[in-house]
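# pasting the structure only:
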């Protein structure tokens, strides 16, 4: 680099500093307030986040001390990568990616601070395909939202219990990853045989394409309860802003109580938010069906989360299982 180039670079850097340009992973600020990045999906398992967003509850919870920026993701591993990059502070996510993120960061990246949903996932098959259960998936093409996500773990574990495995593990089941919206289109084209999905996509496949639910995942778990969504916080953000996390957590728990107390009103708010996010209104009967398969709760359901960790280790995604999760929960 010659002297002229060095001088020019220094001048540009100085200008950027004077202009207050934030560096990657550092909060931007508005009117002197930190910005909290809140993440969630357009899934019914994230109903508390959808309801809170529709009602403006995130912003109201921290209005006196911060601003809120909402980010919508398609699947858990994508959200975890954003959290690693410092682009997500507080989020809703499946337990599988939360565990993976914690272990891959050696316990440094995140904490689980509450539950958000139980159940609400199922194995759904195309109406013209002869599949009545997991054992019939041999030689079939089955979609999950993302490799390494919670539904991917559930599907692969279920395959193992009947003596099957995915092609990438030497088996016969072609497990592929597609965003749920793409799965809907691929079902319609006949390019997928089945999918392991969260709501409302299960109900949409039933309603719009005549697909069949052959297995609700909750039937595989003790008492029919298992974690499908948790609330996580970036560890650095928790350390720097414990009071903001406390306010957002209180708002989350309040939203859970509100949904439980008046499910009809909550369903309308959730439906409006999904319409905004997806560009398509979901019929109320369909939304009601999707919510009927999903329990909205702030219970951590720790044992099921630890079980997902064991599955992830068993499937080769991670080297460690539940024994390495002593610092994961902040409750």
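Sure, I can see it. These figures come from a predicted structure and were not determined experimentally. Numbers count the residues shown, from 1 in each chain.

# the helices in the stretch 1-150 of the chain, which residues?
Counting by DSSP state H, counting those that start in this stretch, the stretch 1-150 of the chain has helices at residues 3-19, 47-54, 57-61, 76-84, 95-104, 150-161.

# got the contact list for the fourth one?
Spelled out, that is helix 76-84. Helix 76-84 is contacted from outside by 39, 41, 71, 73, 88, 91, 93-94, 96-98, 100-101, 105, 109-110, 145-150, 232, 234, using C-beta atoms under 8 Å, 6 or more residues apart in numbering. Every C-beta, even on glycine, is put in place using the N, C-alpha and C of the backbone.

# ok, the most centrally placed residue in the chain to residue 139 distance?
Centroid check for the chain by C-alpha atoms, centre = their mean gives residue 93 as the closest residue, at 3.0 Å. When distance is defined by C-beta to C-beta, to the nearest Å, residue 93 is 32 Å away from residue 139.

# phi, psi of the closest residue to residue 238 other than its chain neighbours?
Once its chain neighbours are removed from consideration, residue 238 has its nearest residue in residue 245; the separation is 5.3 Å (C-beta to C-beta, 6 or more residues apart in numbering). Summarising the backbone geometry of residue 245 under the convention degrees, to the nearest 10, its torsions are phi -60, psi -40.

# With residue 228 instead?
Backbone torsions of residue 228, given as degrees, to the nearest 10, read phi -120, psi -10.

# What is the burial count for it?
Residue neighbour count, defined by other C-beta atoms under 10 Å, stands at 30 for residue 228.

# what do you get for residue 309?
A count of neighbours around residue 309, defined by other C-beta under 10 Å, yields 27.

# How about residue 44?
Neighbours of residue 44 (other C-beta under 10 Å): 29.

# pretty sure residue 270 contacts residue 52?
No. Taking contacts as C-beta atoms under 8 Å, residue 270 lies outside contact range of residue 52: 10.1 Å.

# So, low pLDDT: which residues of this structure?
1-31, 331 (pLDDT under 70).

# can you tell me how far residue 106 sits from residue 210?
Computed as C-beta to C-beta, the residue 106 to residue 210 distance reads 47 Å.

# No further queries at this time; thank you.
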